[in-house]
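Trainee: A structural model of the following input is requested.
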Amino acid sequence: MSDAQVSRQRLVNIVGGSAGNLVEWFDWYVYAAFALYFAPSFFPEGDQTAQLLSTAAVFAVGFFMRPIGAWIMGIYADHKGRKAGLSLSVSLMCLGSLAIAVAPTYETAGLLSPAILVVARMVQGISLGGEYGSSATYLSEIADRERRGFWSSFLYVTIIGGQLSALALLLVLQAMLGEEAMQAWGWRIGFAVGAVLAVVVFVIRRRLSETQSYENVAKAPTRRRSTLLNLMRHHPREVLLVIAITAGGTAAFYTYTIYLQKFLVNTSGFDRATASWIMTVALALMLLLQPLAGRLSDRLGRRPMMIFFGICGTLFTYPIFTFLAATDSRLVAFALVMAALVMITGYTSINAIVKAELFPADIRALGVALPYALANTIFGGTAEYIALWFKGIGHESWFYIYISLLSAAYLVAVLRMRETKLTSQILED
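Mentor: Below is the predicted model:
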């Protein structure tokens with residue numbers, strides 16, 4: 001093929017891979033976006049904080065399945081190809097969304113109702129555990145050398161886009177149906193939409209091109225097996241580095257993007273619609289920042305971007321939450337939320353390419369997925385639960401300190417790492 005045809009095919013693959021990732025994360029985030037409405041259907045006992053605490057616990061359960069999904073599906077993507085891994089992950093996500101959409105309420109089925117919710121989130125957790133490794137690896141490998149930071153930034157464009165789409169659907173349904181209908185049955189629409197879109201994505205992903213990195217590994221006369229033992233034996237330093245940078249980055253990301261919506265309602269005192277609007281507009285702007293920051297990393301390197309978040313997350317998380325808790329101004333609240341999202345962009349825009357550049361192709365999907373999923377489970381999936389728990393015992397500000405300390409640990413890890421742009425293990429252009 002000519003250079004123009006290669007560039008055009010590369011763009012088609014990136015757009016196709018990104019669109020699929022967006023739907024995966026839409027399905028995942030519908031749970032968080034609609035939690036304020038479906039929580040009473042599955043957990044009718046207690047006040048709003050108690051109900052949200054129960055749904056946050058189930059959210060964390062989904063995260064606990066992600067390392068299992070990362071382990072199994074990371075190996076699958078290394079052995080069978082990135083396309084195969086992407087197709088399998090979206091199939092599982094579809095099943096989970098469909099199960100929640102048709103699940104009976106506690107009033108109808110008793111304990112069976114929350115049990116179905118838990119199992120469905122476990123399936124989605126397995127799906128997402130494999131999705132991150134496969135999609136991060138695919139986007140990083142399919143991009144050209146000079147713009148890998150730019151193109152890989154679309155991983156978090158689609159992650160944020162998935163959350164934004166979930167919030168946008170929530171706003172539309174709030175306007176069309178009203179609070180009573182939303183709480184009674186309207187929340188089911190979000191999960192049903194996610195299941196339908198996942199079917200569409202499955203078709204799209206089957207038509208993507210395989211990456212050259214995987215094809216070179218597949219054609220090699222001798223091939224190292226992608227296993228947990230080989231990963232830990234040959235790449236222990238890289239595994240620990242991914243865990244370290246993910247711990248602070250993912251805890252802050254879920255705090256700033258997921259928990260803040262509930263914080264605006266449950267602590268700041270805004271109504272649910274206002275909180276949804278603030279987060280929707282802020283996330284839309286954050287989405288636009290990702291490619292800009294990714295492209296900047298192609299010019300300046302990955303470490304400067306990551307150091308930016310480490311410093312800001314350490315110094316400014318506590319004051320942002322403190323002022324946000326005290327304000328009743330929508331404009332001030334939006335400005336504070338936006339400040340937090342600008343800070344975390346230093347991590348989100350390039351964390352996929354940084355992790356992919358650390359590992360050789362024959363074990364890359366597993367190397368990216370598993371340590372990320374472990375740290376994400378421990379620190380990302382529990383962030384909202386820990387925040388609500390601190391609030392429940394009357395020490396909400398302790399959570400601000402917790403996120404600040406994780407950001408500081410992240411900064412130490414970044415300062416000790418090499419510049420992956422210069423030492424990249426992605427050899428193909």
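
Trainee: What values do phi and psi take at residue 223?
Mentor: In terms of degrees, to the nearest 10, the main-chain angles of residue 223 are phi -140, psi 120.

Trainee: wait, isn't it in contact with residue 217?
Mentor: Yes - look at residue 223 against residue 217 with C-beta atoms under 8 Å: they come within range, at 6.3 Å. Yep, even glycine has a C-beta here, placed from its N, CA and C like the rest.

Trainee: Which residues are in contact with each of the two?
Mentor: Taking C-beta atoms under 8 Å, 6 or more residues apart in numbering as the contact rule, residue 223 and residue 217 both touch residue 362.

Trainee: Please identify which of the two sits among more neighbours.
Mentor: With neighbours defined as other C-beta atoms under 10 Å, residue 223 and residue 217 compare such that residue 217 has more, 20 against 12.

Trainee: how about the helices in the stretch 301-429 of the chain?
Mentor: Counting by DSSP state H, counting those that start in this stretch, residue ranges of the helices within the stretch 301-429 of the chain are 302-326, 330-348, 351-356, 364-375, 383-392, 397-416.

Trainee: could you say what helices and strands the fifth one packs with?
Mentor: This means helix 383-392. Helices and strands in packing contact with helix 383-392 are listed as helix 48-64, helix 236-254, helix 260-266, helix 397-416; criterion 3 or more C-beta pairs under 8 Å, 6 or more residues apart in numbering; DSSP states H and E.

Trainee: repeat for the third one
Mentor: Helix 351-356 makes packing contacts with helix 112-142, helix 148-152, helix 154-181, helix 236-254, helix 302-326, helix 364-375 when contacts are defined by 3+ C-beta pairs under 8 Å, 6+ apart.

Trainee: Out of the helices of the stretch 301-429 of the chain, which is closest to residue 26?
Mentor: In this view, these are compared for proximity to residue 26 by C-beta to C-beta, and helix 330-348 is the closest at 16.9 Å.

Trainee: mind listing what's buried in the closest one?
Mentor: Using 16 or more other C-beta atoms under 10 Å as the burial criterion, the residues of helix 330-348 that qualify are 333-334, 336-348.

Trainee: go on, stretch 346-361?
Mentor: Within stretch 346-361, the residues that qualify as buried by neighbour count (16+ other C-beta under 10 Å) are 346-359, 361.

Trainee: Mean pLDDT and distance to residue 74 added to the helices and strands packed on helix 351-356, as JSON lines?
Mentor: As requested, the helices and strands packed on helix 351-356 are exported to JSON lines (pLDDT from 0 to 100; distance: least, C-beta to C-beta, whole Å):
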{"stretch": "helix 112-142", "mean pLDDT": "87", "distance to residue 74": "5"}
{"stretch": "helix 148-152", "mean pLDDT": "89", "distance to residue 74": "17"}
{"stretch": "helix 154-181", "mean pLDDT": "86", "distance to residue 74": "16"}
{"stretch": "helix 236-254", "mean pLDDT": "95", "distance to residue 74": "12"}
{"stretch": "helix 302-326", "mean pLDDT": "96", "distance to residue 74": "22"}
{"stretch": "helix 364-375", "mean pLDDT": "93", "distance to residue 74": "3"}
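
Trainee: TSV please, covering the ones you listed and showing mean neighbour count and distance to residue 29.
Mentor: Rendered in TSV, the data for those read as follows (neighbours: other C-beta atoms under 10 Å; distance: least, C-beta to C-beta, whole Å):
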stretch	mean neighbour count	distance to residue 29
helix 112-142	25	10
helix 148-152	28	20
helix 154-181	20	4
helix 236-254	22	11
helix 302-326	20	21
helix 364-375	29	17
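
Trainee: got CSV for those helices, with distance to residue 87 too?
Mentor: What follows is those, written out as CSV (distance: least, C-beta to C-beta, whole Å):
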stretch, distance to residue 87
helix 112-142, 9
helix 148-152, 20
helix 154-181, 16
helix 236-254, 25
helix 302-326, 30
helix 364-375, 14
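
Trainee: wait, which of those helices is closest to residue 391?
Mentor: Proximity of those to residue 391 was assessed by C-beta to C-beta; the nearest stretch is helix 302-326, lying at 10.2 Å.

Trainee: how much space is there between residue 223 and residue 233?
Mentor: If you measure residue 223 against residue 233 using C-beta to C-beta, to the nearest Å, the figure is 16 Å.

Trainee: check contacts around the spatially closest residue to residue 321 that is not a sequence neighbour.
Mentor: Residue nearest to residue 321 in three dimensions, not counting chain neighbours: residue 400, with 4.5 Å by C-beta to C-beta, 6 or more residues apart in numbering. For residue 400, the set of contacting residues under the criterion of C-beta under 8 Å, 6+ apart consists of 317-318, 321-322.

Trainee: and of these, the nearest to residue 41?
Mentor: The shortest gap between residue 41 and any of these belongs to residue 321, at 29.8 Å (C-beta to C-beta).

Trainee: Next up, the contacts around that closest one.
Mentor: With contacts defined as C-beta under 8 Å, 6+ apart, the neighbours of residue 321 are 263, 397, 399-400.

Trainee: From the residues you listed, list just the buried residues.
Mentor: 263, 399-400.

Trainee: still on that earlier bit, would you format the helices and strands packed on helix 383-392 as TSV with distance to residue 164 included?
Mentor: Formatted as TSV, the helices and strands packed on helix 383-392 follow (distance: least, C-beta to C-beta, whole Å):
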stretch	distance to residue 164
helix 48-64	18
helix 236-254	14
helix 260-266	12
helix 397-416	22
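
Trainee: Residue 103 is nearest to which of these?
Mentor: When the helices and strands packed on helix 383-392 are ranked by proximity to residue 103, the top entry is helix 48-64, at 11.8 Å, counting by C-beta to C-beta.

Trainee: Any buried residues in that closest one, and which?
Mentor: Along helix 48-64, the positions that meet the burial threshold by neighbour count (16+ other C-beta under 10 Å) are 51-64.

Trainee: can you give me the angle that helix makes with helix 112-142?
Mentor: Here helix 48-64 points in a direction 50 degrees away from that of helix 112-142 (axes from the mean of the first three to the mean of the last three C-alpha atoms, to 10 degrees).
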